[in-house]
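Chemist: coords please:
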Amino acid sequence: MVEKLKSISKQIPWSLALRAFIFGASWLLLPFWTFVLIALYFYLFPLFQPVRFVVHFAILIFFMAVTSLGFVAAIFFSLVFYLLIGLKDFRFIDRRSAYKTLLFLFVFMFAVRFYFFFDISQESFSIFYVLFFGAVFFFLSRGFWGNSTASSDLVLKDRLRASRFVLAVLLSQLILLVAVLPLNFLYQTAIFFLSAVVLVESVFDYLCGTLTSRRLFANFSIFLVFVVIILGSVPWSL
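Modeler: Down below sits the predicted model:
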């Protein structure tokens, strides 16, 4: 039993977890410019493929710059940074799952920010935001599918690119559609995030040839159950 625990502990990237902890704590406790210097150091060193994830890193820092300080937010951003530098430094064996989780966390960040500050009267801002979100999703999802298939088939690559574009357009429309629902921003975020996860997973399974009717039914059944729970918890007023 002791040997098994030692084996498990060796597989956990503790240095990576420590860097993520310091990253979140410095954002929470130190001046922002000091935090940025620490974040840059942790991101750049060891100096290994820093350009590949620079957009992810820049977007993360931007969201942290415009987010109010808070313990829960610090934990969330630490988790995002943990996945980011773990992928950058090739510290994860299952890179596909790690990248998928990172992509969904970015979608969640965009959704929370949008619904928290959304104002139906600010049409120009809303259009700009959803266009930016769609472009970022299209770019970030490239890494997800890139880490999920090793095929060099040009036809498959074209299908992946087209699917990423269609998903970006659909999610951009969906984030606006959910915004007009008479719900609190937390409920809006939950509904959109669940929709995005089911949609992305289903499209990916279809492209990989693993989508079955049973799997599709299970995905949408889970989605409907959670939507019913969310809507059932809303304090509706007559």
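
Chemist: residue 36 sits in which helix or strand?
Modeler: In the assignment (DSSP states H and E), residue 36 maps to helix 32-44.

Chemist: show me what that helix is packed against.
Modeler: Applying 3 or more Cβ pairs under 8 Å, 6 or more residues apart in numbering; DSSP states H and E, one finds that helix 32-44 contacts helix 14-29, helix 54-65, helix 71-88. C-betas here are computed from N, CA, C, even on glycine.

Chemist: mean neighbour count and distance to residue 159 added to the ones you listed, as a markdown table?
Modeler: Converted to a markdown table, the helices and strands packed on helix 32-44 look like this (neighbours: other Cβ atoms under 10 Å; distance: least, Cβ to Cβ, whole Å):
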| stretch | mean neighbour count | distance to residue 159 |
| --- | --- | --- |
| helix 14-29 | 17 | 34 |
| helix 54-65 | 17 | 23 |
| helix 71-88 | 19 | 24 |
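
Chemist: let me know the helix or strand that the nearest residue to residue 55 once chain neighbours are set aside is in.
Modeler: Once flanking residues are discounted, residue 55 sits nearest to residue 139: 6.3 Å by Cβ to Cβ, 6 or more residues apart in numbering. If you go by DSSP H and E, residue 139 is part of helix 123-146.

Chemist: okay, now the unreliable bits of this structure?
Modeler: The chain contains residues with pLDDT under 70 at 1-12, 119-123, 144-157, 236-238.

Chemist: hmm, 90 instead?
Modeler: 1-16, 44-52, 68-69, 88-100, 115-130, 139-166, 176-188, 198-238 (pLDDT under 90).

Chemist: can you give me the angle the longest helix anywhere in it makes with helix 123-146?
Modeler: Counting residues, the longest helix found in the chain (DSSP state H) is helix 154-179. Here helix 154-179 runs at an angle of 140 degrees relative to helix 123-146 (axes from the mean of the first three to the mean of the last three Cα atoms, to 10 degrees).

Chemist: for helix 154-179, buried residues please.
Modeler: 160, 163-164, 167-168, 170-172, 174-176, 178-179 (16 or more other Cβ atoms under 10 Å).

Chemist: which other helices and strands contact that helix?
Modeler: Helix 154-179 packs on helix 95-117, helix 123-146, helix 185-207, going by 3+ Cβ pairs under 8 Å, 6+ apart.

Chemist: nearest to residue 50 among these would be which one?
Modeler: Smallest distance to residue 50 across the helices and strands packed on helix 154-179 (Cβ to Cβ): 14.6 Å, for helix 123-146.

Chemist: so what does that closest one touch, helix or strand wise?
Modeler: Counting contacts by 3+ Cβ pairs under 8 Å, 6+ apart, helix 123-146 is packed against helix 54-65, helix 95-117, helix 154-179, helix 185-207.

Chemist: is it true that residue 53 touches residue 90?
Modeler: No: using Cβ atoms under 8 Å, residue 53 is not in contact with residue 90, being 11.5 Å away.

Chemist: got the contact list for residue 20?
Modeler: Contact analysis of residue 20 by Cβ atoms under 8 Å, 6 or more residues apart in numbering lists 78, 79, 81, 82, 85.
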